[in-house]
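S.K.: Sequence first, then the predicted structure, then my questions.
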Amino acid sequence: MLLADTNTTNTTTGKELYGYQKDALHEIFKRFETAPADYHLLYQLPTGGGKTVIFSEIVRRYLQTFKKKVLVLTHRIELSKQTSRMLGEFGVTNKIINSTAKLDDQHDFECFVAMVETLKNRLNDDKLDISDIGLVIVDEAHYNSFTKIFKFFNNSFILGVTATPLSSNIKLPMYENYQELFVGESIQDLIDSGYLAKANMYSYNVGLTSLEVGANGDYTVKSSEDLYTNSDMLSKLVSAYEETAKGKKTLIFNNGIHTSIQVFHAFKKAGYPIAHLDNTNTKKERELILRWFHKTPNAIITSVSILTTGFDEPSIEAIILNRATKSLTLYYQMIGRGSRIFGNKSTFDVIDLGNNFYRFGPWGADLDWQKMFRAPDYYLNAILSDEEIESTFRYELPADVKKEFAKSEDTYFDMKKVYIDTIRAGESSKRVLEKSIEHHAKMCIENSEDVFDALILSKKLGEEIDDRINRYAKCISKSTHNFVTWLKDDYRKKLHTYLRTNFDRDFEKIHGYPPED
């Protein structure tokens, strides 16, 4: 039980460790006994594998065996509180060092839990006695913010734990701060043993060439907001949910608060139970939303980053990645939120709307963590670019739109092939768009009784029109945002003009008889 007035935890419930957790414990204690006192060991275990349970038992046994104090570092206050409670369940009396904690009783404790910035300030002020700390445990060790305090612990064994031993800052690889990586059970092993649920992956092709990469190496919030708040993307999101996850408890991840709010309104308008959560919500609001989510079977939460770590709701049945990321760690963290076993749940669904599946491979793939740890650049350089990913896509009409064009046998238009054939024939590149418009018009006319029906159908082709224009822009090597936007608008106008002008003629050519008046 967390005591707010003293920031201490002291309970003795205890937990039984699984076989693989006991094996990890044994291996780590071998390092304690044989490695130098200032050794830095990194331990990798998948999200859902129980790393907090493992290092809580490590703390308990270390205190008994080595008679030195332990410090546990986290990067968020929620994680500090959760860690403190877990340590308490293992009978470890501990003190949370936050900005308000009084340290006059610090000598009464053998274990401390702290956020890195708070600890750094206390150490700089010389307010905390660290002379007898023999072990420092770093949770979510891939965050580089921790390394700034390592200099204070030259005589301590540092144990970092992470699901993905790839640094959050590519300029500061993890091998520079840890001498060895110890790899735990794989995701597939944990699935096969019944400790984790299996992910059923559903990927929807998304054009990401408008996204921009920021200084941190990931897609900017601004460019993500521009893409994921447009009506086509919101419609694709709702349709993907309805096709795969309808009625399931679902968690949606976005890259931007505005996107999440727009997602909230889109699902609310469609009649689905949904709540929005971001870091501006008060503690009380967050607790109410998460309590509602826990007890509502078909609940949906749309969120921004806040639930990627330190959030455990085993009843989640579907994860939607309504964003793209270049971070393998974030990819695994987001999907991992659905991987907990719960009741009869042995699988969960993952809907990918950011081409992340193509970028990183399936969740739980057999990754060489040792190679990634030793040569992170080799791995990062091998990741496909968005252009390379999208070049392999073949656009497919969504199921609900495809039904509207049931009478059309040929709905696929290979823009690249048509472009090459057209140029080789000595024709202008503009002729490529004319051929595409004629193909779209044919599809509309084949499935219409009059020109008004055809015009209505043409509006359902918006997403495919955008895809064709994006491919065309790549063919002509001219893809400024303003130019591509103008092309998309111009294409739609010309398609409507074509239908109004040529409907009767093309209808009779297709059907063998003129349309009824």
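M.R.: Sure, I can see it.
S.K.: ok, now which ones touch Asp466?
M.R.: Gly207, Asp232, Lys488 (C-beta atoms under 8 Å, 6 or more residues apart in numbering). Every C-beta, even on glycine, is put in place using the N, C-alpha and C of the backbone.
S.K.: Just list the residues touching the last one, thanks.
M.R.: Residues in contact with Lys488 (C-beta under 8 Å, 6+ apart) are Ile465, Asp466, Ile469.
S.K.: Please flag which of the residues you listed sit within helices.
M.R.: Among those, the members falling in helices are Ile465, Asp466, Ile469 (criterion: DSSP state H).
S.K.: Please report how far the last one lies from Leu321.
M.R.: The spacing between Ile469 and Leu321, counted by C-beta to C-beta, to the nearest Å, is 25 Å.
S.K.: got it, and the first one?
M.R.: Using C-beta to C-beta, one gets 25 Å for the distance from Ile465 to Leu321.
S.K.: Neighbour count: the two, which is higher?
M.R.: More crowded of Ile465 and Leu321, by other C-beta atoms under 10 Å: Leu321, with 24 against 21.
S.K.: can you count the residues close to Ala245?
M.R.: 22.
S.K.: If we ignore the residues flanking it in sequence, what's nearest it?
M.R.: Spatial nearest neighbour of Ala245, chain neighbours left out: Ala318 (3.7 Å); criterion: C-beta to C-beta, 6 or more residues apart in numbering.
S.K.: quick one: the one you found from Gly19, how far?
M.R.: 30 Å.
S.K.: again with Ile476
M.R.: Counting by C-beta to C-beta - Ile476 and Gly19 are separated by 60 Å.
S.K.: Please apply the same query to Asn205.
M.R.: Asn205 sits at a distance of 41 Å from Gly19 (criterion: C-beta to C-beta).
S.K.: What of Leu307?
M.R.: 30 Å.
S.K.: sorry, back to before: if you count what's nearby, which of Asn205 and Gly19 comes out ahead?
M.R.: Applying other C-beta under 10 Å to Asn205 and Gly19 shows that Asn205 carries more neighbours, namely 18 against 10.
S.K.: Enumerate every residue touching the more buried one.
M.R.: Asn355, Glu390, Phe393, Tyr395, Glu396.
S.K.: Quick check, pLDDT for the closest residue to the third one other than its chain neighbours.
M.R.: Closest residue to Phe393 in three dimensions, ignoring its sequence neighbours and counting by C-beta to C-beta, 6+ apart: Asn205, at 4.5 Å. Predicted confidence (pLDDT) at Asn205: the value is 84.
S.K.: Next: Asp506.
M.R.: 95.
S.K.: In what element of secondary structure is the nearest residue to it once chain neighbours are set aside found?
M.R.: In space, and not counting its chain neighbours, Asp506 is closest to Ile445: 5.1 Å by C-beta to C-beta, 6+ apart. Here Ile445 is covered by helix 430-446, with elements defined by DSSP states H and E.
S.K.: Compute the inter-axis angle for whichever helix or strand comes after that helix and helix 430-446.
M.R.: Downstream of helix 430-446, the first helix or strand assigned by DSSP H and E is helix 451-459. Using axes from the mean of the first three to the mean of the last three C-alpha atoms, to 10 degrees, the inter-axis angle of helix 451-459 relative to helix 430-446 is 120 degrees.
S.K.: Adjust the sequence numbering to begin at 13 for everything that follows.
M.R.: With the count now opening at 13, the last piece we talked about shows up as helix 463-471.
S.K.: and the residue nearest to Gly206 when sequence neighbours are not counted, backbone torsions?
M.R.: In space, and not counting its chain neighbours, Gly206 is closest to Ile353: 6.9 Å by C-beta to C-beta, 6+ apart. Dihedral pair for Ile353: phi -70, psi 140, per degrees, to the nearest 10.
S.K.: Report the contact partners of Ile353.
M.R.: Gly206, Tyr207, Leu208, Ala209, Pro326.
S.K.: Report the buried members of those residues.
M.R.: Tyr207, Leu208, Ala209 (16 or more other C-beta atoms under 10 Å).
S.K.: Switch those residues over to TSV; also include pLDDT.
M.R.: Shown next, in TSV, are the buried ones among the contacts of Ile353 (pLDDT from 0 to 100):
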residue	pLDDT
Tyr207	92
Leu208	94
Ala209	95
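S.K.: neighbours around Arg88, how many?
M.R.: Neighbours around Arg88, by other C-beta under 10 Å: 15.
S.K.: wouldn't it be in contact with Glu129 here?
M.R.: No - at 10.8 Å, Arg88 does not count as touching Glu129 under the criterion of C-beta atoms under 8 Å.
S.K.: distance of Val195 from Leu507?
M.R.: 55 Å.
S.K.: now the strands: where do they sit in the stretch 313-462 of the chain?
M.R.: 330-333, 359-364 (DSSP state E, counting those that start in this stretch).
S.K.: out of the ones you listed, deepest packed?
M.R.: strand 330-333 (a mean of 24; mean count of other C-beta atoms under 10 Å).
S.K.: Quickly run through the sheet partners of that one, with directions.
M.R.: According to DSSP bridges, strand 330-333 forms sheet pairs with strand 262-266 (parallel), strand 359-364 (parallel).
S.K.: which residues sit against that strand?
M.R.: 249, 252-253, 256-257, 260-265, 343, 346-347, 349-350, 360-366, 368.
S.K.: pLDDT score for the residue nearest to Ala257?
M.R.: For Ala330, the pLDDT comes out at 97.
S.K.: what bridges to it?
M.R.: Thr262, Asp361.
S.K.: Roughly how far does it sit from Lys114?
M.R.: 45 Å.
S.K.: quick one: which of the ones in helices among the contacts of Lys500 is nearest Phe276?
M.R.: Nearest to Phe276 among the ones in helices among the contacts of Lys500, counting by C-beta to C-beta, is Asp478 at 24.3 Å.
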